[in-house]
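Colleague: only geometry, no sequence info:
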């Protein structure tokens, strides 16, 4: 890493510089609060409570599972499949279930959500149309949307009406 003079500095020197900067800021007057931060910390430290036990914290933690997106832009959850945008094919995404809704995340960004269903295949029409447009780039948008609707109707008849 280079310092502001264009010279190389080591990680240790950088760490030392950051520590000095933090100490200087923490010991100087803060215009917003009107307090010197280190003195405010000492006063507030006595007012802090300990965190609840892990058993209590785990009760509130929302569990998530990592899964890989299939080539048909689907993820599996409890023997059913749910669609995601096709740009995530082959990537690992996180699943969270809350209040009978499946939330699908990539790098903390919500990319899709579905109400939990008994249906085997659960496609968002937009996800399916986007997948088709990538597979059939020569087709017009209207043609893709019509084809997507017809295909989804056929998929629902074959896979979902049996159950």
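Modeller: Arrived safely. Keep in mind the model is a prediction, meaning the values are calculated, not measured. Residues are numbered from 1 along each chain as shown.
Colleague: mind listing what's buried along the helix or strand encompassing residue 142?
Modeller: Using DSSP states H and E, residue 142 sits in helix 141-155. Across helix 141-155, burial judged by 16 or more other Cβ atoms under 10 Å covers 144, 145, 147, 148, 152. Every C-beta, even on glycine, is put in place using the N, C-alpha and C of the backbone.
Colleague: ok, the fourth one - contacts?
Modeller: So that's residue 148. The contact partners of residue 148, taken as Cβ atoms under 8 Å, 6 or more residues apart in numbering, are 125, 128, 129, 132.
Colleague: need the three-state assignment for the third one.
Modeller: Spelled out, that is residue 129. helix (DSSP: H, G, I helix; E, B strand; the rest coil).
Colleague: for it, give me its contacts.
Modeller: Per Cβ under 8 Å, 6+ apart, neighbours of residue 129: 144, 145, 148.
Colleague: for the first one, give me its contacts.
Modeller: Think residue 144. Applying Cβ under 8 Å, 6+ apart to residue 144 gives the contacts 129, 132, 133, 136.
Colleague: from residue 31, how far off is the closest residue to residue 78 other than its chain neighbours?
Modeller: The shortest distance from residue 78 to any non-neighbouring residue, by Cβ to Cβ, 6 or more residues apart in numbering, is to residue 116 (7.7 Å). Residue 116 sits 51 Å away from residue 31 when distances are taken as Cβ to Cβ, to the nearest Å.
Colleague: who has more neighbours out of the two?
Modeller: Neighbours were counted for residue 116 and for residue 31 using other Cβ atoms under 10 Å; residue 116 has more, 15 against 6.
Colleague: wait, isn't that one in contact with residue 99?
Modeller: No - at 9.6 Å, residue 116 does not count as touching residue 99 under the criterion of Cβ atoms under 8 Å.
Colleague: related to what we said a few turns ago, for the contacts of residue 144, which PyMOL command selects only the ones that are buried?
Modeller: With 16+ other Cβ under 10 Å as the criterion, this PyMOL line picks the buried residues out of those:
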select buried, resi 129+132+133
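Colleague: and the contacts of residue 144, which two are furthest apart?
Modeller: Across these, no pair lies farther apart than 129 and 136, at 10.4 Å, counting by Cβ to Cβ.
Colleague: now do the contacts for residue 103.
Modeller: With contact set as Cβ under 8 Å, 6+ apart, residue 103 has these partners: 95, 96, 97, 110, 112, 113.
Colleague: typo on my end, it should be residue 17
Modeller: Residue 17 is in contact with residue 9, counting by Cβ under 8 Å, 6+ apart.
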